[in-house]
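Enquirer: Fold the following for me, if possible:
(2 chains)
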Amino acid sequence: MTLALFLQHLANALSLGSLYALIAIGYTMVYGILRLINFAHGDVFMLGAYLAFYAVATFLLPWWAAFLLAILVTALFGVVLERVAYRPLRDSPRISVMISAIGASFLIENVGIVVFGGRPKGVLVPDVMNVKLGLGGVSVMSVSVVIPVLTFVVLAILLWVVHRTKTGMAMRAVSTDLDAARLQAIDVNRIISFTFGAGSLLAAVGGIMWSYKYPQLNPLMGTMPGLKCFIAAVIGGIGSIQGAVLGGFLLGGIELLTVAFLPTLTGYRDAFAFVLLIVVLLVKPSGLLGGRHVEKV
Amino acid sequence: MKPKRTHLYTLAAVAAFAVFLGVADATFDAFALRVLDLCGIYVVLALSLNLVNGFTGLFSLGHAGFMAVGAYTSALLTMTAEQKEMNFFLEPIAPWLAHLSIPFIPALVVAGLVAAGLGFVIAAPALRLRDDYLAIATLGFAEIIRVVLTNAQPITNGALGLKGLPKFAGTWEVWGCAALSVLFMILLTRSAYGRALKAVRDDEIAAGAMGVNVFRTKVVSFTVSSFMAGVGGALLGHLLTTIDPKMFTFMLTFNILLVVVLGGMASITGSVIASIAVTILMEALRFLDGPLDLGVFQLDARPGLRMVVFSALLMAVVIFRQRGLMGSREFSWAMLSRARLPWRRSGPAGTDGGTHGVA
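Expert: Predicted structure coming up:
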């Protein structure tokens, strides 16, 4: 394998990893606060991509306006989803909440099939994203450069919000202890809504970028990335935003590089993530950057 | 009500159902018979999932994987050499498998055993995890099984699947398995072992303190449930006569989960009723996927509407009526007599028998 080819694969791995990271952040934020696997997160990702598609194809908006509109509407959708599907079950056993999450996921997918149609849709990729960039034998589409850059910008903003603002401080308090946070006069419901909104917004960014890189949409497109990104969040240490990013990059890297170096294993590509998950859960259940978590009686 | 009389009632009910099956087997058309058999298979599958999720409190989402293993095992064991040759045209079948062919019932047992073996192997690492981690890990195992089945071309024929399985799963075979599963579950829940399962579900630490070997109890429950899932999968394969890895996605586990939740976690009666109701509804609501005529305006065919109804139903049940149909209660004749005879409300009707239900 030549150096150029290796760099080519690395560039691809970097952009796939960034997409995984964007989605994984949403999982890790929700899990950190509610201890809930938001199974519907992958479908929120799908919804973001579709909204941007329709904004361009039906309402003829310029792509950047469609992008902004889609991420805002998706964020709103995330807030509504939490209200409808998770809030009524806040004090119920965790199994009930998880069943509700699975139900929400299937509901969104099936409504997607009914409303958007089951046939895959081709995405009109904006010209800016479709420029071929060449650098010493490595050639990538501009979208593959935009994705990692965007991911780091978003990550920086998010870390600033979480660590430097009052809302972020409240988020950290709620994730440490929900009841104690409430006693400190933190409006827990508002913080949870904010978390869902922010996570869904990131999923929408990921979904739209995904649709620019792999320009095809179908209502089930969120299922596999959704599961993989949850795994990325677990690998990085669930609850930790940096961990989710690290896990996303690791997963993207391992997936693409294994396929590149061991082409015979290509058929097993979708199984890597799950094998990795099981290994991590057995060896270090708290993940790479996760803190120690003691099960309380 | 005297216990002797309730035994008589039970016997009469079972006999009546057997007669119904006999009549159905002889007079129903192929489609209705298929739905009836599907109901029986769902009874087996729902009980198997309920054993782990409802009775032991382990949230496992890996059922489709065990069903796939059972279905493939029994398909490969029962298909004749010629049938296998016809299926494996892309890549020849592994030589040791080509001429293997055994009767249906032993194949069914082997299918269950292979699934149980796999369940046992998976249980050891997976059951160290709890709640949502366990759910995602079992889901992961099921995905891995599916990916392996897709890629192990010489053994499973890969993505092409297997076609032309012998249609062994008739009414008697399916409902025989369903009856055995129900009987097994009733005996289990009434035994000390069943109580240990529920103790582990309700409070692991307390159960451990009372001398229950928590880990072993969980592993046994998981393994037995895998056995039943394997048998259910094998029956499904021999009913549909064609299997491929795409059949055994998370969607299938979702359908079974729907049945268990609707019926009520930890209720055998609930699982049985919900299996039959959901299977029939799934078929009866097929018109939703076709073009709809709503009087005022017509809708084009929108495939998927049926599943929208079912996902919404699941969410509605979880949010508004978490107990499902039966909660953790079971059917008993005393319950029926209480319901039927309201004028005896002041009498002793409520005190005798009662539900032999779950603590």
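
Enquirer: Might you report the residue contacts of residue 35?
Expert: Unless you meant another one, I'm taking chain A. Residues in contact with residue A:35 (CB atoms under 8 Å, 6 or more residues apart in numbering or on different chains) are A:94, B:132. No exception for glycine: its C-beta is placed from N, CA and C like everyone else's.

Enquirer: Oops, wrong one, chain B.
Expert: B:279, B:280, B:283.

Enquirer: in which helix or strand would I find it?
Expert: helix B:30-50 (DSSP states H and E).

Enquirer: Tell me which residues of that helix come out buried.
Expert: For helix B:30-50, a neighbour-count test (16 or more other CB atoms under 10 Å in any protein chain shown) marks B:33-50 as buried.

Enquirer: from the middle of its chain, how far away would that helix be?
Expert: Distance, stretch centre to chain centre, for helix B:30-50: 8 Å (CA atoms, centre = their mean, to the nearest Å).

Enquirer: Got the confidence number for residue 272?
Expert: In the absence of a named chain, chain A is used. The per-residue pLDDT reported for residue A:272 equals 84.

Enquirer: you looked at the wrong chain, it should be chain B
Expert: 92.

Enquirer: ok, how many other residues are close to it?
Expert: 25 (other CB atoms under 10 Å in any protein chain shown).

Enquirer: Would you mark the buried spots in the helix or strand that contains it?
Expert: Using DSSP H and E, residue B:272 sits in helix B:268-284. By neighbour count with 16+ other CB under 10 Å, helix B:268-284 contains the buried residues B:268-279, B:281-282.

Enquirer: Flag the shaky bits of the stretch 251-359 of chain B, pLDDT-wise.
Expert: The stretch 251-359 of chain B contains residues with pLDDT under 70 at B:292-302, B:336-359.

Enquirer: where along it do the helices fall?
Expert: Secondary structure of the stretch 251-359 of chain B, counting by DSSP state H, counting those that start in this stretch: helices at B:268-284, B:305-320, B:333-340.

Enquirer: Look up how far residue A:139 lies from residue B:111.
Expert: 51 Å (CB to CB, to the nearest Å).

Enquirer: out of those two, which sits in the more crowded spot?
Expert: Between residue B:111 and residue A:139, counted using other CB under 10 Å, residue B:111 has the larger neighbour count: 32 against 13.

Enquirer: Give me the next element, helix or strand, following the one helix or strand the more buried one maps to.
Expert: Using DSSP H and E, residue B:111 sits within helix B:104-126. Once the chain leaves helix B:104-126, the next helix or strand it forms, by DSSP H and E, is helix B:131-151.

Enquirer: Kindly calculate the angle that that following helix makes with helix B:104-126.
Expert: 130 degrees (axes from the mean of the first three to the mean of the last three CA atoms, to 10 degrees).

Enquirer: for helix B:131-151, packing partners?
Expert: helix A:94-116, helix A:223-236, helix A:269-283, helix B:63-78, helix B:104-126, helix B:250-263 (3 or more CB pairs under 8 Å, 6 or more residues apart in numbering or on different chains; DSSP states H and E).

Enquirer: what about 6 Å?
Expert: On a contact count with 3 or more CB pairs under 6 Å, 6 or more residues apart in numbering or on different chains; DSSP states H and E, helix B:131-151 meets helix A:269-283, helix B:63-78, helix B:104-126.

Enquirer: residues contacting the residue nearest the centre of chain B?
Expert: Centroid check for chain B by CA atoms, centre = their mean gives residue B:45 as the closest residue, at 0.8 Å. Listed by CB atoms under 6 Å, 6 or more residues apart in numbering or on different chains, the contact set of residue B:45 reads B:232, B:256.

Enquirer: residues in chain A within reach of chain B, list them.
Expert: Within chain A, the residues that sit near chain B (CB under 6 Å from any CB of the partner chain) are A:37, A:88, A:94-96, A:98-100, A:103, A:106-107, A:110-111, A:113-114, A:267-268, A:270-271, A:274, A:277-278, A:281-282.

Enquirer: Give the buried residues for the helix or strand hosting residue B:181.
Expert: Assessed by DSSP H and E, residue B:181 sits inside helix B:171-190. By 16+ other CB under 10 Å, the buried positions in helix B:171-190 come out as B:171, B:173, B:174, B:175, B:177, B:178, B:179, B:181, B:182, B:185, B:188, B:189.

Enquirer: Now do it against helix B:268-284, angle only.
Expert: 150 degrees.

Enquirer: Just the angle for helix B:171-190 relative to helix B:30-50, thanks.
Expert: Using the same axes, to 10 degrees: helix B:171-190 against helix B:30-50 is 20 degrees.

Enquirer: The following helix or strand past helix B:171-190: which residues count as buried?
Expert: Downstream of helix B:171-190, the first helix or strand assigned by DSSP H and E is helix B:192-202. Within helix B:192-202, the residues that count as buried by 16+ other CB under 10 Å are B:194, B:195, B:196, B:197, B:198, B:199, B:200, B:201.

Enquirer: from the residues you listed, which are also near chain A?
Expert: Of these, not one also sits near chain A (CB under 6 Å from any CB).

Enquirer: residues from the stretch 151-300 of chain B in reach of chain A?
Expert: B:151, B:254, B:261.

Enquirer: Which single one of those residues is nearest to residue A:191?
Expert: Using CB to CB, residue B:261 comes nearest to residue A:191 of these, at 29.7 Å.

Enquirer: Now stretch B:172-187: average pLDDT?
Expert: According to the model, stretch B:172-187 has a mean pLDDT of 91.

Enquirer: nope, stretch B:143-152 is what I meant
Expert: Here the average pLDDT along stretch B:143-152 is 89.

Enquirer: One more: stretch A:132-139?
Expert: Per-residue scores along stretch A:132-139 average to 76.

Enquirer: distance between it and the chain's centre?
Expert: That offset, for stretch A:132-139, works out to 28 Å (CA atoms, centre = their mean).

Enquirer: ok, back up a step: just the buried residues of the residues of the stretch 151-300 of chain B next to chain A.
Expert: B:151, B:254, B:261.

Enquirer: give me every residue that touches the first one.
Expert: By that I understand residue B:151. Applying CB under 6 Å, 6+ apart, the residues near residue B:151 are residue A:267.

Enquirer: could you redo the last one with a cut-off of 8 Å?
Expert: Neighbouring residues of residue B:151 by CB under 8 Å, 6+ apart: A:267, A:268, B:158.

Enquirer: Show the backbone phi and psi for the first one.
Expert: Okay, so that is residue A:267. phi -60, psi -20 (degrees, to the nearest 10).

Enquirer: That one reaches residue B:146, doesn't it?
Expert: No - if you go by CB atoms under 8 Å, residue A:267 and residue B:146 don't touch, sitting 11.6 Å apart.
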